[in-house]
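Engineer: have a look; sequence and predicted model below, questions after that.
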Amino acid sequence: MENIRHLIRGSNHFYNLDLSIGSSVDQIAEIIDEERPEWIFHYAAINGTQYFYDIPGKVLEVNSLTTYYLMKAVKIVKEKDHLFQTKIVYSSSSEVYGEPFHLPSCEQDITYVNVEHNRDSYAAAKLLGEFYVRLFSEEMGMEWMNLRFFNVYGPKMVGTKYGQVIPEFITRLKEGEYPLRIYGNGDHRRSFCYVDDNVRDTAALALKEGTRGVFNIGNPDEISIRELGSCIMEKMGKKPAFEFLPEREGDHKRRCPDTSRLQAVIGSYPYITLEQGLDRMIYE
(Lines give C-alpha, C1' and ligand atoms only; values in the text may rest on other atoms or scores of the structure.)
Protein backbone atom coordinates (compact mmCIF):
# COMPACT_ATOMS: atom_id res chain seq x y z
CA MET A 1 0.00 0.00 0.00
CA GLU A 2 2.86 2.38 0.74
CA ASN A 3 4.02 2.02 -2.86
CA ILE A 4 0.66 3.09 -4.33
CA ARG A 5 -0.90 5.32 -1.68
CA HIS A 6 0.10 8.50 -3.52
CA LEU A 7 -1.79 7.26 -6.60
CA ILE A 8 -5.11 6.72 -4.85
CA ARG A 9 -6.75 10.06 -5.48
CA GLY A 10 -9.25 11.65 -7.83
CA SER A 11 -10.71 8.99 -10.11
CA ASN A 12 -8.23 6.33 -8.92
CA HIS A 13 -9.83 3.90 -6.49
CA PHE A 14 -8.44 0.98 -4.52
CA TYR A 15 -10.68 -1.96 -3.62
CA ASN A 16 -9.40 -4.61 -1.22
CA LEU A 17 -10.90 -7.88 -2.43
CA ASP A 18 -9.80 -11.52 -2.50
CA LEU A 19 -10.20 -12.56 -6.13
CA SER A 20 -9.63 -16.22 -5.29
CA ILE A 21 -12.94 -16.79 -3.48
CA GLY A 22 -16.28 -17.22 -5.19
CA SER A 23 -18.06 -14.81 -2.84
CA SER A 24 -16.09 -11.94 -4.40
CA VAL A 25 -17.54 -12.43 -7.87
CA ASP A 26 -20.64 -10.29 -7.31
CA GLN A 27 -18.53 -7.55 -5.70
CA ILE A 28 -16.09 -7.57 -8.61
CA ALA A 29 -19.01 -7.37 -11.04
CA GLU A 30 -20.45 -4.39 -9.14
CA ILE A 31 -17.11 -2.57 -9.31
CA ILE A 32 -16.73 -3.26 -13.04
CA ASP A 33 -20.31 -2.17 -13.66
CA GLU A 34 -19.74 1.08 -11.76
CA GLU A 35 -16.26 1.90 -13.08
CA ARG A 36 -16.86 0.79 -16.70
CA PRO A 37 -13.14 0.26 -17.43
CA GLU A 38 -11.95 0.34 -21.03
CA TRP A 39 -9.19 -2.08 -20.04
CA ILE A 40 -8.79 -4.62 -17.26
CA PHE A 41 -5.16 -5.46 -16.48
CA HIS A 42 -5.19 -8.74 -14.58
CA TYR A 43 -1.92 -9.24 -12.68
CA ALA A 44 -3.24 -10.89 -9.51
CA ALA A 45 -1.23 -14.03 -8.67
CA ILE A 46 1.10 -15.70 -6.22
CA ASN A 47 4.53 -15.16 -7.73
CA GLY A 48 8.08 -15.88 -6.59
CA THR A 49 9.71 -19.15 -7.61
CA GLN A 50 10.21 -20.53 -4.10
CA TYR A 51 6.45 -20.50 -3.58
CA PHE A 52 6.12 -22.98 -6.48
CA TYR A 53 8.13 -25.47 -4.45
CA ASP A 54 6.79 -24.67 -0.96
CA ILE A 55 3.04 -24.28 -1.60
CA PRO A 56 2.37 -25.62 -5.13
CA GLY A 57 -1.24 -26.55 -4.37
CA LYS A 58 -2.08 -23.04 -3.22
CA VAL A 59 -0.23 -21.53 -6.19
CA LEU A 60 -2.31 -23.66 -8.58
CA GLU A 61 -5.56 -22.92 -6.78
CA VAL A 62 -5.18 -19.18 -6.30
CA ASN A 63 -3.62 -18.37 -9.66
CA SER A 64 -6.28 -20.23 -11.63
CA LEU A 65 -9.32 -19.19 -9.56
CA THR A 66 -8.49 -15.47 -9.60
CA THR A 67 -8.69 -15.52 -13.40
CA TYR A 68 -11.81 -17.68 -13.52
CA TYR A 69 -13.71 -15.53 -11.02
CA LEU A 70 -12.65 -12.30 -12.72
CA MET A 71 -13.92 -13.54 -16.07
CA LYS A 72 -17.15 -14.71 -14.41
CA ALA A 73 -17.63 -11.19 -13.05
CA VAL A 74 -17.03 -9.63 -16.47
CA LYS A 75 -19.60 -12.01 -17.92
CA ILE A 76 -22.18 -10.94 -15.33
CA VAL A 77 -21.75 -7.32 -16.39
CA LYS A 78 -21.90 -8.25 -20.07
CA GLU A 79 -25.12 -10.21 -19.60
CA LYS A 80 -26.63 -7.23 -17.78
CA ASP A 81 -25.57 -4.80 -20.51
CA HIS A 82 -24.83 -6.32 -23.91
CA LEU A 83 -23.23 -3.05 -25.06
CA PHE A 84 -20.54 -3.21 -22.37
CA GLN A 85 -17.04 -3.64 -23.76
CA THR A 86 -13.66 -3.93 -22.08
CA LYS A 87 -10.28 -5.29 -23.10
CA ILE A 88 -8.80 -8.02 -20.90
CA VAL A 89 -5.01 -7.84 -20.59
CA TYR A 90 -3.70 -10.90 -18.74
CA SER A 91 -0.21 -11.35 -17.31
CA SER A 92 0.86 -14.86 -18.21
CA SER A 93 4.42 -16.14 -18.01
CA SER A 94 7.34 -17.51 -19.99
CA GLU A 95 7.08 -20.53 -17.67
CA VAL A 96 4.34 -21.91 -19.96
CA TYR A 97 7.01 -22.84 -22.54
CA GLY A 98 8.51 -25.41 -20.16
CA GLU A 99 11.93 -26.50 -21.39
CA PRO A 100 11.56 -24.74 -24.75
CA PHE A 101 11.70 -26.68 -28.00
CA HIS A 102 12.91 -23.60 -29.88
CA LEU A 103 14.96 -20.58 -28.87
CA PRO A 104 14.11 -17.82 -28.89
CA SER A 105 10.57 -18.95 -28.02
CA CYS A 106 7.74 -17.63 -30.17
CA GLU A 107 4.04 -17.51 -29.38
CA GLN A 108 3.19 -20.43 -31.68
CA ASP A 109 5.58 -22.77 -29.89
CA ILE A 110 4.32 -25.69 -27.82
CA THR A 111 3.33 -24.90 -24.25
CA TYR A 112 3.32 -27.69 -21.69
CA VAL A 113 3.70 -28.64 -18.04
CA ASN A 114 5.09 -31.66 -16.20
CA VAL A 115 2.60 -32.91 -13.62
CA GLU A 116 5.41 -34.53 -11.61
CA HIS A 117 7.18 -31.20 -11.04
CA ASN A 118 5.75 -29.00 -8.29
CA ARG A 119 7.35 -25.98 -9.93
CA ASP A 120 4.93 -26.33 -12.86
CA SER A 121 1.98 -25.54 -10.59
CA TYR A 122 2.57 -21.92 -11.60
CA ALA A 123 2.82 -22.62 -15.33
CA ALA A 124 -0.29 -24.84 -15.21
CA ALA A 125 -2.32 -22.08 -13.55
CA LYS A 126 -1.09 -19.50 -16.04
CA LEU A 127 -1.98 -21.74 -18.98
CA LEU A 128 -5.42 -22.34 -17.54
CA GLY A 129 -5.77 -18.59 -17.12
CA GLU A 130 -4.90 -18.06 -20.78
CA PHE A 131 -7.74 -20.39 -21.74
CA TYR A 132 -10.19 -18.63 -19.42
CA VAL A 133 -9.30 -15.21 -20.80
CA ARG A 134 -9.50 -16.25 -24.45
CA LEU A 135 -12.62 -18.44 -24.24
CA PHE A 136 -14.67 -16.08 -22.03
CA SER A 137 -13.64 -13.05 -24.11
CA GLU A 138 -14.43 -14.68 -27.44
CA GLU A 139 -17.79 -15.84 -26.12
CA MET A 140 -18.58 -12.24 -25.08
CA GLY A 141 -17.15 -10.66 -28.24
CA MET A 142 -14.45 -8.75 -26.34
CA GLU A 143 -10.81 -8.04 -27.11
CA TRP A 144 -8.22 -9.93 -25.09
CA MET A 145 -4.47 -10.31 -24.69
CA ASN A 146 -2.39 -13.00 -23.03
CA LEU A 147 1.02 -11.49 -22.35
CA ARG A 148 3.84 -13.91 -21.57
CA PHE A 149 6.25 -11.97 -19.38
CA PHE A 150 9.95 -12.87 -19.31
CA ASN A 151 11.61 -12.12 -15.95
CA VAL A 152 10.55 -8.59 -15.10
CA TYR A 153 12.71 -6.78 -12.53
CA GLY A 154 12.91 -3.32 -11.00
CA PRO A 155 12.91 -1.26 -7.79
CA LYS A 156 10.76 -2.08 -4.74
CA MET A 157 10.58 -5.79 -5.53
CA VAL A 158 10.65 -8.34 -2.72
CA GLY A 159 14.27 -9.19 -1.95
CA THR A 160 13.70 -12.47 -0.10
CA LYS A 161 13.79 -16.02 -1.47
CA TYR A 162 10.11 -15.53 -2.28
CA GLY A 163 10.90 -12.76 -4.74
CA GLN A 164 12.85 -12.74 -8.00
CA VAL A 165 16.49 -13.56 -8.55
CA ILE A 166 17.89 -10.04 -9.15
CA PRO A 167 16.48 -8.32 -6.04
CA GLU A 168 17.19 -11.47 -4.02
CA PHE A 169 20.86 -11.50 -5.05
CA ILE A 170 21.22 -7.78 -4.28
CA THR A 171 19.54 -8.12 -0.87
CA ARG A 172 21.54 -11.17 0.17
CA LEU A 173 24.82 -9.53 -0.78
CA LYS A 174 23.88 -6.30 1.03
CA GLU A 175 23.07 -8.36 4.12
CA GLY A 176 26.52 -9.92 4.09
CA GLU A 177 26.15 -13.18 2.21
CA TYR A 178 29.42 -14.03 0.49
CA PRO A 179 30.17 -16.15 -1.47
CA LEU A 180 26.81 -15.88 -3.23
CA ARG A 181 24.73 -19.06 -3.11
CA ILE A 182 23.09 -20.18 -6.35
CA TYR A 183 21.17 -23.28 -7.36
CA GLY A 184 22.90 -25.63 -9.80
CA ASN A 185 26.09 -24.70 -11.61
CA GLY A 186 24.90 -21.26 -12.69
CA ASP A 187 24.64 -22.16 -16.38
CA HIS A 188 20.87 -21.58 -16.51
CA ARG A 189 20.19 -18.70 -18.85
CA ARG A 190 17.44 -16.07 -18.57
CA SER A 191 16.34 -12.89 -20.32
CA PHE A 192 15.61 -9.98 -17.97
CA CYS A 193 13.31 -7.06 -18.78
CA TYR A 194 13.39 -3.85 -16.75
CA VAL A 195 9.97 -2.89 -15.46
CA ASP A 196 9.81 0.40 -17.41
CA ASP A 197 10.18 -1.49 -20.69
CA ASN A 198 7.60 -4.05 -19.60
CA VAL A 199 5.07 -1.31 -18.80
CA ARG A 200 5.79 0.51 -22.05
CA ASP A 201 5.28 -2.63 -24.16
CA THR A 202 2.12 -3.61 -22.30
CA ALA A 203 0.55 -0.16 -22.51
CA ALA A 204 1.42 0.24 -26.19
CA LEU A 205 -0.20 -3.10 -27.02
CA ALA A 206 -3.29 -2.45 -24.94
CA LEU A 207 -3.84 0.93 -26.56
CA LYS A 208 -3.54 -0.50 -30.06
CA GLU A 209 -7.11 -0.74 -31.25
CA GLY A 210 -8.15 -4.10 -32.67
CA THR A 211 -5.08 -5.93 -31.35
CA ARG A 212 -5.65 -9.24 -29.61
CA GLY A 213 -3.93 -12.57 -29.04
CA VAL A 214 -0.79 -13.89 -27.37
CA PHE A 215 2.37 -11.80 -27.12
CA ASN A 216 5.80 -12.32 -25.61
CA ILE A 217 6.93 -9.35 -23.50
CA GLY A 218 10.62 -9.29 -22.69
CA ASN A 219 14.15 -8.25 -23.51
CA PRO A 220 15.72 -10.85 -25.88
CA ASP A 221 19.23 -10.45 -24.41
CA GLU A 222 20.27 -13.59 -22.50
CA ILE A 223 22.64 -14.02 -19.58
CA SER A 224 23.57 -16.98 -17.38
CA ILE A 225 22.72 -16.84 -13.68
CA ARG A 226 26.43 -17.14 -12.86
CA GLU A 227 27.22 -14.18 -15.14
CA LEU A 228 24.36 -12.25 -13.55
CA GLY A 229 25.68 -12.91 -10.06
CA SER A 230 29.20 -11.93 -11.10
CA CYS A 231 27.96 -8.66 -12.59
CA ILE A 232 26.02 -7.76 -9.43
CA MET A 233 28.97 -8.61 -7.17
CA GLU A 234 31.38 -6.54 -9.26
CA LYS A 235 29.01 -3.56 -9.15
CA MET A 236 28.91 -3.92 -5.37
CA GLY A 237 32.70 -3.97 -5.12
CA LYS A 238 33.09 -7.71 -4.57
CA LYS A 239 35.14 -10.27 -6.43
CA PRO A 240 32.79 -12.90 -7.92
CA ALA A 241 32.62 -15.98 -5.70
CA PHE A 242 29.92 -18.63 -5.50
CA GLU A 243 28.65 -21.50 -3.41
CA PHE A 244 26.78 -23.94 -5.64
CA LEU A 245 23.67 -25.61 -4.17
CA PRO A 246 21.82 -28.66 -5.53
CA GLU A 247 19.72 -27.83 -8.56
CA ARG A 248 15.99 -27.46 -7.99
CA GLU A 249 13.66 -29.96 -9.66
CA GLY A 250 12.13 -28.74 -12.91
CA ASP A 251 14.26 -25.59 -13.15
CA HIS A 252 14.34 -24.96 -16.88
CA LYS A 253 17.67 -24.33 -18.58
CA ARG A 254 16.85 -21.34 -20.78
CA ARG A 255 14.34 -18.56 -21.30
CA CYS A 256 14.55 -16.19 -24.27
CA PRO A 257 11.66 -14.45 -26.07
CA ASP A 258 11.08 -13.98 -29.76
CA THR A 259 9.50 -10.49 -29.78
CA SER A 260 8.92 -10.17 -33.52
CA ARG A 261 5.11 -10.33 -33.09
CA LEU A 262 5.27 -7.54 -30.51
CA GLN A 263 7.53 -5.40 -32.69
CA ALA A 264 5.26 -5.88 -35.70
CA VAL A 265 2.48 -4.16 -33.75
CA ILE A 266 4.22 -1.43 -31.75
CA GLY A 267 7.57 -1.08 -33.51
CA SER A 268 11.05 -1.61 -32.13
CA TYR A 269 13.16 0.51 -29.80
CA PRO A 270 16.22 0.00 -27.60
CA TYR A 271 15.59 -1.70 -24.27
CA ILE A 272 17.15 -0.63 -20.99
CA THR A 273 20.25 -2.80 -20.76
CA LEU A 274 20.81 -5.13 -17.84
CA GLU A 275 23.81 -2.99 -16.85
CA GLN A 276 21.61 0.10 -16.72
CA GLY A 277 18.85 -1.72 -14.86
CA LEU A 278 21.20 -3.13 -12.25
CA ASP A 279 22.68 0.32 -11.65
CA ARG A 280 19.20 1.63 -10.92
CA MET A 281 18.49 -1.28 -8.56
CA ILE A 282 21.78 -0.99 -6.66
CA TYR A 283 22.64 2.70 -6.61
CA GLU A 284 19.41 4.71 -6.90
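Structural biologist: Structure's in. What do you need?

Engineer: burial of Asp18, as a residue count?
Structural biologist: The tally of other residues near Asp18 (other Cβ atoms under 10 Å) stands at 13. Heads up, the C-betas are built off the backbone N, CA and C, glycines and all.

Engineer: could you do the one 10 residues further on as well?
Structural biologist: Using other Cβ under 10 Å, Ile28 has 21 neighbouring residues.

Engineer: could you pull up phi and psi at the nearest residue in space to it that is not next to it in sequence?
Structural biologist: Nearest in space to Ile28, with sequence neighbours left out and distances taken as Cβ to Cβ, 6 or more residues apart in numbering, is Ala73 at 3.7 Å. Main-chain torsions, Ala73, degrees, to the nearest 10: phi -70, psi -40.

Engineer: so which strand or helix has Ser20?
Structural biologist: Ser20 belongs to no helix or strand when elements are defined using DSSP states H and E.

Engineer: distance check, it against Glu35.
Structural biologist: Distance, Ser20 to Glu35, by Cβ to Cβ, to the nearest Å: 21 Å.

Engineer: repeat for Phe215
Structural biologist: From Phe215 to Glu35 the distance is 25 Å (Cβ to Cβ).

Engineer: do the same with Gln85
Structural biologist: 13 Å.

Engineer: and for Met236?
Structural biologist: With Cβ to Cβ as the criterion, Met236 and Glu35 are 44 Å apart.

Engineer: so between Phe215 and Glu35, which is more surrounded?
Structural biologist: Phe215 (25 against 13).

Engineer: just confirm the more buried one is within a strand.
Structural biologist: Yes: according to DSSP: H, G, I helix; E, B strand; the rest coil, Phe215 belongs to a strand.

Engineer: in contact with it, which residues?
Structural biologist: When contacts are counted by Cβ atoms under 8 Å, 6 or more residues apart in numbering, Phe215 touches 107, 145-148, 205, 261-262, 265.

Engineer: which stretches in the protein count as helices?
Structural biologist: Using DSSP state H, the helices found in the chain span residues 25-35, 49-54, 56-80, 120-140, 165-174, 195-207, 225-235, 260-266, 274-283.

Engineer: may I see the buried residues of the first one?
Structural biologist: What that stands for is helix 25-35. For helix 25-35, burial by neighbour count (16 or more other Cβ atoms under 10 Å) applies to 25, 28-29, 31-32.

Engineer: likewise for the last one?
Structural biologist: When burial is assessed from 16+ other Cβ under 10 Å, helix 274-283 yields the following buried residues: 274, 277-278, 281.

Engineer: got CSV for these, with pLDDT and distance to Ile4 too?
Structural biologist: Formatted as CSV, those follow (pLDDT from 0 to 100; distance: Cβ to Cβ, whole Å):
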residue, pLDDT, distance to Ile4
Leu274, 97, 27
Gly277, 98, 22
Leu278, 97, 25
Met281, 95, 20
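
Engineer: got a markdown table for those residues, with distance to Met140 too?
Structural biologist: Output for those, formatted as a markdown table (distance: Cβ to Cβ, whole Å):
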| residue | distance to Met140 |
| --- | --- |
| Leu274 | 40 |
| Gly277 | 38 |
| Leu278 | 43 |
| Met281 | 40 |
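
Engineer: could I get the helices of the chain in CSV, plus columns for distance to Asn12?
Structural biologist: Shown next, in CSV, are those (distance: least, Cβ to Cβ, whole Å):
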stretch, distance to Asn12
helix 25-35, 11
helix 49-54, 29
helix 56-80, 19
helix 120-140, 24
helix 165-174, 26
helix 195-207, 16
helix 225-235, 35
helix 260-266, 25
helix 274-283, 25
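
Engineer: between those helices, which gets nearest to Glu249?
Structural biologist: helix 49-54 (7.8 Å; Cβ to Cβ).

Engineer: remind me what that closest one packs against, helices and strands.
Structural biologist: Using 3 or more Cβ pairs under 8 Å, 6 or more residues apart in numbering; DSSP states H and E, the elements in contact with helix 49-54 are helix 56-80, helix 120-140.

Engineer: would you list those in TSV and tack on mean neighbour count?
Structural biologist: Shown next, in TSV, are the helices and strands packed on helix 49-54 (neighbours: other Cβ atoms under 10 Å):
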stretch	mean neighbour count
helix 56-80	19
helix 120-140	21
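
Engineer: looking at those, which is nearest to Pro257?
Structural biologist: With Cβ to Cβ as the criterion, Pro257 lies closest to helix 120-140 of these, at 15.1 Å.

Engineer: okay then, goodbye and thanks.
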